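In: Give me coordinates for this.
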Amino acid sequence: MSDSVVITGGCGFLGAALARKIAKYGVTLPDGRRLSASDIQLWDRAAAAVPDIAGATFVAIDIADATAVQQAMPDDTALIYHLAAVVSGQAEADYDLGMRVNLGGTQAVLAAAKALDRAVPVIGTSSLAVYGGSPAEPLTEATQIQPQNTYGVTKAMAELVMADHRRRGWADARTLRLPTVTVRPGKPNAAASSFVSSIIREPLAGLPAVCPVDPELAMWVASPEAAVSALWHAPSVPADRWPAFGAVNVPGLRVKVAQMIAALRASQGDAVADLITLQPDPVIAGIVGTWPSLFDTSLAAKLGFAGDADFGAILDQALRMK
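Out: The predicted structure follows:
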């Protein structure tokens, strides 16, 4: 019997990139066992664009339907990545959808993991949006979470449910608080932070882009490669080394939007950088402006996580993906 790896939101950018990495390199479990020939299941909406990945199968599912999730969970599941979520701007615009997917989906996945009755590792993703209220920087895992928007609230609630399943021994639940991931390929999505990728990605393609915030705004960011590597590394940490609450702040970089644009200008010239137009959007600024931009990630470093060297390295990745 093979060991199944389930990735919810598996057809999204991070889910697909993670699946490719696992298909190529395998993945290590908390007990040190290496899965090298796993059955990777990509769970996503029926309308999702399914990536072509060797060894991966697609499962169309409503992640908030607890019965469907439990019925779809393979008996031989060895590892679950729960990436499916409604993004920040969309959650703010549709409260019920954000709660149903971000909290209800997490509860459904955890219930299915519990039913396996062997404390399966469940790697979930959270966000710096769980913080708010102008906490002292740098922030640590001990900093009080005080989200200032619906997305952050749903992610904070999901973290608590994950932590309680970990405490009870129902799942080896681990939450990664990811920085804003940039530069994402593809088209802009409904995330309030989507512009962080757009102001680099679109100009590189010769297209105009809009910056909806004050360029002096600082963001906490990580490259796609660093984010995927963090997800891939997370289950390899022995269970007794993972913190009891279960949430870990993943390494990132503090960079101002103006610095991102300046790096693009220095690398590609004025004609490219001048494709960016400043067009303030109070809704977007009101969401991302509450997010902190400097973290102490020494705990993550002790657990073996690594981040990007600098924003130039992130820009280089974007140029390779161009």
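In: for T180, what are its contacts?
Out: By CB atoms under 8 Å, 6 or more residues apart in numbering, the residues touching T180 are L128, S193, V196, M219, W220, V221, A222, G252, W291. Where you see a C-beta, it was placed from the backbone N, CA and C, and this is true even at glycine.
In: Name whatever forms a beta bridge with it.
Out: With DSSP bridges applied, T180 shows beta-bridge pairing to V221.
In: ok, it to D65 distance?
Out: Per CB to CB, to the nearest Å, T180 is found 30 Å from D65.
In: If you average the pLDDT over stretch 181-190, what comes out?
Out: Mean pLDDT, stretch 181-190: 85.
In: residues in contact with that stretch?
Out: Contacts of stretch 181-190 from elsewhere in the structure, counted by CB under 8 Å, 6+ apart, are 13-14, 87-90, 93, 194-198, 200-201, 221-224, 227, 314-315, 317-318, 321.
In: Can you get me the start-to-end distance on that stretch?
Out: End-to-end distance of stretch 181-190 (CA to CA, to the nearest Å): 14 Å.
In: That one: which residues count as buried?
Out: Across stretch 181-190, burial judged by 16 or more other CB atoms under 10 Å covers V181, T182, V183, R184, N189.
In: which of the contacts of T180 sit farthest apart?
Out: Maximum pairwise distance among the contacts of T180 (CB to CB): 13.5 Å, between A222 and W291.
In: Of the two, give the one with the bigger neighbour count.
Out: Per other CB atoms under 10 Å, whichever of A222 and W291 has more neighbours is W291, with 25 against 22.
In: any idea how far Q148 is from that one?
Out: Plainly put, W291 is 9 Å away from Q148 if you go by CB to CB.
In: what do you get for D75?
Out: Distance, D75 to Q148, by CB to CB: 42 Å.
In: More neighbours: these two, which one.
Out: The residue with more neighbours, out of D75 and Q148, is Q148; 18 against 8, by other CB under 10 Å.
In: so which strand or helix has the more buried one?
Out: For Q148, there is no helix or strand it lies in under DSSP states H and E.
In: my read: it touches G133, true?
Out: Yes: under the criterion of CB atoms under 8 Å, Q148 makes contact with G133 at 7.0 Å.
In: is L278 in a bridge, and if so with what?
Out: Per DSSP bridges, residues listed as beta-bridge partners of L278: C211.
In: List the residues that contact it.
Out: Counting by CB under 8 Å, 6+ apart, L278 touches V210, C211, P215.
In: Can you say which of these are buried?
Out: Buried among the contacts of L278 by 16+ other CB under 10 Å: V210, C211.
In: Sort out which of the contacts of stretch 181-190 are in strands and list them.
Out: V221, A222 (DSSP state E).
In: Pull out the buried residues from stretch 205-223.
Out: Using 16+ other CB under 10 Å as the test for burial, stretch 205-223 gives A209, V210, C211, P212, V213, L217, A218, M219, W220, V221, A222, S223.
In: isn't there a helix covering I40?
Out: No: counting by DSSP: H, G, I helix; E, B strand; the rest coil, I40 is not part of a helix but strand.
In: before we move on, back to that, let's have the contacts of T180 in a markdown table, adding distance to D270 and pLDDT.
Out: Converted to a markdown table, the contacts of T180 look like this (distance: CB to CB, whole Å; pLDDT from 0 to 100):
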| residue | distance to D270 | pLDDT |
| --- | --- | --- |
| L128 | 32 | 91 |
| S193 | 26 | 89 |
| V196 | 21 | 95 |
| M219 | 23 | 95 |
| W220 | 28 | 96 |
| V221 | 24 | 97 |
| A222 | 28 | 97 |
| G252 | 29 | 97 |
| W291 | 30 | 87 |
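In: which one of these sits closest to V101?
Out: Distances from V101 to these, taken by CB to CB, are shortest for S193, at 17.9 Å.
In: Pretty sure the closest one sits against S127.
Out: No: between S193 and S127 there is no contact under CB under 8 Å: 9.2 Å.
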